[in-house]
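For reference, the sequence and a predicted model appear below.
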Amino acid sequence: MTPKSEAELAQMIKGANAPLRIQGGGTRPIGHAHGDGLETGALAGVTLYEPGALTIVAQAGTPVAEIEKTLAKENQRLAFEPMDHRTLLGTKGEPTIGGVVAANVSGPRRISVGACRDFMLGVRFVDGAGDIIKNGGRVMKNVTGYDLVKLMTGAYGTLGVLTEVSMKVLPDVAAQAMLTLDGLNDTQAIAAMSAGLSSPYEVTGVAHDPQEGKTLFRLEGFPDSIAYRADALTKHLARFGTAATTEDTQLVKDTWIGIRDVGAFAGKDGDVWRISAKPSDAPDLVAKIGPKAVQYDWGGGLIWVLTDPGRNIRTALGDFDGHATLIRGGAEFPTFQPEPPALAAITAGLRAKFDPRGILNPGMMN
Amino acid sequence: MEMPAPDARVLSRKDYIVERLCAVLPKDAVISDISETRAYECDALTAYKCPPLCAVLPANTQEVAAVLKICHELDVPVVPRGSGTSLAGGALPTADSVILGVAKMNQVIETNYDDRYIRVQTGRTNLSVTGAVEANGFFYAPDPSSQLACAIAGNIAMNSGGAHCLKYGVTTNNLMGVTMVTMDGTVVELGGAHLDAAGLDLLGLICGSEGQLGVVTEATLRILHKPEGARPVLMGYDSSEVAGQVVTDIIKAGILPVAIEFMDRPCIEATEAFAKAGYPMCEALLIVEVEGSESEIDAQLKLIMEIAAKHNPVELREAKDADEAGRIWLGRKSAFGAMGQINDYMCLDGTIPVSSLPFVLKRIGEMSKEFGLHVGNVFHAGDGNMHPLILFDANKPGDLELCEEFGAEILKLCVEVGGCLTGEHGVGIEKRDLMNVQFDPVDLEAQMAIKDVFDPKWLLNAAKVFPLATSEERRAA
């Protein structure tokens, strides 16, 4: 099913008598979804764009590429730099903005500017009863009523099918630079990344690749400002070694697209897990897992691991401050971190309210 | 503002309820004498007052859970209270309610500079969170005007903002985790020291839910290293259209100031009479602040001054030192106090798309004449959050009602142009009955369904947010 309007989508959901598998561009097959396909691709187009107000509104099926192109014309961007999962998952198709929002997809800049959910201003969606609901709006400050905008962001379509999203955008930057430290072990790297993030130099990306032994720091802004901050940050990090600096903006861009999309794991055999953790815990957590390969992003707060297929790393991790999601790999165990009973009860309660018949991506977030 | 009639069954059992609460709390943590409960009869929306049945001041999560469990069992309404600085009546009691104050819970539980967070009990004031970390060069970003007094609990309940949120976001963007007690006494943990909590974004849902879904007792907050420096410029223009255009041009030039504040003539006049900050007399005054190192600030301000100069400013003044910076901010920071010197005032909080600014200000000016009440406008211009201050005389019969009517018309206008009723103060009782202007019944139904899940008996702060007629069936059930 490919509804051509919000009203048509609402009718389809009202009339549905079997589970629906909701899909944007189909580039992020994460979780156990089953049911009749319901595609949002025909609900496309930018509805409103006000560069002076840093606001864009688009229908859910709008390709991310189209939004980025629209923004680039005014020298603006989606600051949370959503990951493109096609590289890691080997999928085809065109990522949509609705898919990005439904999965709360962010990239390396999440550590400095926030996640997709932090840029969300408003949503329109159709719930499991077929009702069209709106929440939030198109202004940056809005505390009118409950924040269903955040609730819908990252709900993987299980509470409603997004039809329109409204987002805050930010100015693009004139230039980018990168500092690289060589040869740090994981613990030293986490300490160095924390030092970078605990500085006033506005680092907008901090990642560590243990395989290459490289720890990377990204700076963005006006060229003079970057030159100043690169110098200051180099001094600030001196106890971890002498950082090499590049001000080749294209090289920096390409490097961070690679980090964003976890390009290092592309085409390599094994399962891929995404772990959100307290940064200083990261090296110990990785040691417990003993993975085939690792990438630290967000200063260690986001750990990507490549493991042998079929391993449930949650057994090795035990109880920890964070959660693990299986992003690539078929498995019998849950894709998402199981919730403690009190939270599971609230989640189940919300699902029962928003999707009383249990037809929207049932079982998706298990 | 109408409030639901108190439940006679609850009122008649006051002694028993107090006895039960005394059994789980230290003696001095239960306040039931009418001479003392009066201290909790209102918040900063002082036009409305009602002493509660009693007030409790628990010291930790376990005590909060014990209180809620008893109230849940006995069907007693509970109104959570931070520091009582709500301008929207968020902490206004009903006569049959227990005020649950978090004032005793003000401890820092953990500070972690490597992982950049602080965990506090939520009765701690906003400013003292920064106070706990500033010696190490850090700060907590959300900075509501009431930050000296307001509690983190209230900040979370209302998703409070501040002048610097254009760059740093509001409470929800700086909140990593909470311990929360639901109405039946269940303790839940959401998020933690990691980013992007697992499962549905319940943390995002809780933040801004006006104390209707649970009582947040502890919070993990993101802390940031302070910038090297900050400096404001002041610019004055002959019309709000031009000032609005300057804001747009600055943003479109790729500069993201940390704050852009706007004041109109009535507000400038009142402020000058009160604080003598040396502001120019003009139709629209902007304060734009940028951050960074000295050289970075110079570079950004140069660009901003170039843009500002193109639009024929009446005045263009860059702070040369900390003293001048202080003078530039002085007027803005005393604006509310200055208006209060003239008369009683009501502070509104609607948000509008920045592009509608000139139209909205023009309409407010026209309405001011129609209603015969003066109004001054202070405005977070970068994000469209307006603060019209309507002057009235509380001693003049009918003036408050007239003022509320005028306020409602302004908020309807905000919604009409694509904005919303409240940007950072919350709905409370103040904007409760206007929710139908912004939302269709089905939108409100979806929100109320959430409260059904967290608080099926509708005991927690239930007379707020939703129009009374809309929530009546649920509250009565």
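Everything's here; your move.

Mind listing the residues bridging to residue A:38?
Following DSSP bridges, residue A:38 is listed with bridge partners residue A:22.

That one touches residue A:12, doesn't it?
Yes: with contact defined as Cβ atoms under 8 Å, residue A:38 counts as touching residue A:12 (6.9 Å). From N, CA and C alone the C-beta is placed, and that goes for glycine too.

From the neighbour counts alone, determine which of these two ranks first.
Comparing residue A:38 with residue A:12 by other Cβ atoms under 10 Å in any protein chain shown, the one with more neighbours is residue A:38, at 22 against 18.

intersection of neighbour lists for residue A:38 and residue A:12?
Contact criterion Cβ atoms under 8 Å, 6 or more residues apart in numbering or on different chains; residues shared by residue A:38 and residue A:12: A:1, A:3.

Report the rounded mean pLDDT for stretch B:236-245.
Averaged over stretch B:236-245, pLDDT sits at 91.

That stretch near chain A anywhere?
No: for a cut-off given as Cβ under 8 Å from any Cβ of the partner chain, stretch B:236-245 has no contacts with chain A; the smallest distance is 8.6 Å.

ok, and what's touching that stretch?
Applying Cβ under 8 Å, 6+ apart, the external contacts of stretch B:236-245 come out as B:235, B:246, B:262, B:264, B:279-280, B:282-286, B:311-316, B:354-355, B:357-358, B:361-362, B:381.

Quote the end-to-end distance of that stretch.
Using Cα to Cα, to the nearest Å, one end of stretch B:236-245 lies 13 Å from the other.

just stretch B:115-123 next, same as before
Start-to-end, stretch B:115-123 (Cα to Cα) is 23 Å.

Also stretch A:28-42?
Start-to-end, stretch A:28-42 (Cα to Cα) is 18 Å.

What of stretch B:327-346?
End-to-end distance of stretch B:327-346: 26 Å, with Cα to Cα as the criterion.

which bits of the stretch 151-300 of chain A sit near chain B?
Of all the residues in the stretch 151-300 of chain A, those in contact range of chain B (Cβ under 8 Å from any Cβ) are A:151, A:153-155, A:159, A:170-174, A:191, A:194, A:197-200, A:222, A:224-225, A:228-229, A:232, A:276-280, A:298.

center of the chain, which residue is that?
Looking at chain A here, since you left the chain open. Nearest to the centroid of the C-alpha atoms of chain A, with distances taken as Cα atoms, centre = their mean, sits residue A:105, at 2.1 Å.

The intended chain is chain B.
Residue closest to the average C-alpha location in chain B (Cα atoms, centre = their mean): residue B:425, at 3.2 Å.

tell me the helices in the stretch 101-250 of chain B, going along the chain?
Ranges of helices in the stretch 101-250 of chain B, per DSSP state H, counting those that start in this stretch, are B:126-133, B:152-158, B:165-168, B:202-206, B:240-252.

what comes into contact with the shortest one?
When contacts are taken as Cβ under 8 Å, 6+ apart, the neighbours of helix B:165-168 outside the stretch itself are A:140-141, B:141-142, B:174, B:224, B:256-260, B:291, B:380, B:382-383.

quick one, what contacts residue B:375?
Going by Cβ under 8 Å, 6+ apart, residue B:375 touches B:266, B:364-365, B:368, B:388-391, B:406.

And for the closest residue to chain A within the stretch 101-250 of chain B, nearest residue in space, chain neighbours not counted?
Using Cβ to the nearest Cβ, the closest approach of the stretch 101-250 of chain B to chain A is made by residue B:204 at 2.7 Å. Of all residues not flanking residue B:204 in the chain, residue A:150 sits nearest, at 2.7 Å (Cβ to Cβ, 6 or more residues apart in numbering or on different chains).

ok, now residue A:268?
Sequence neighbours aside, residue A:306 is the residue nearest to residue A:268 in space, at 6.0 Å (criterion: Cβ to Cβ, 6+ apart).

Can you report how many residues neighbour that neighbour?
Residue A:306, neighbours per other Cβ under 10 Å, totals 20.
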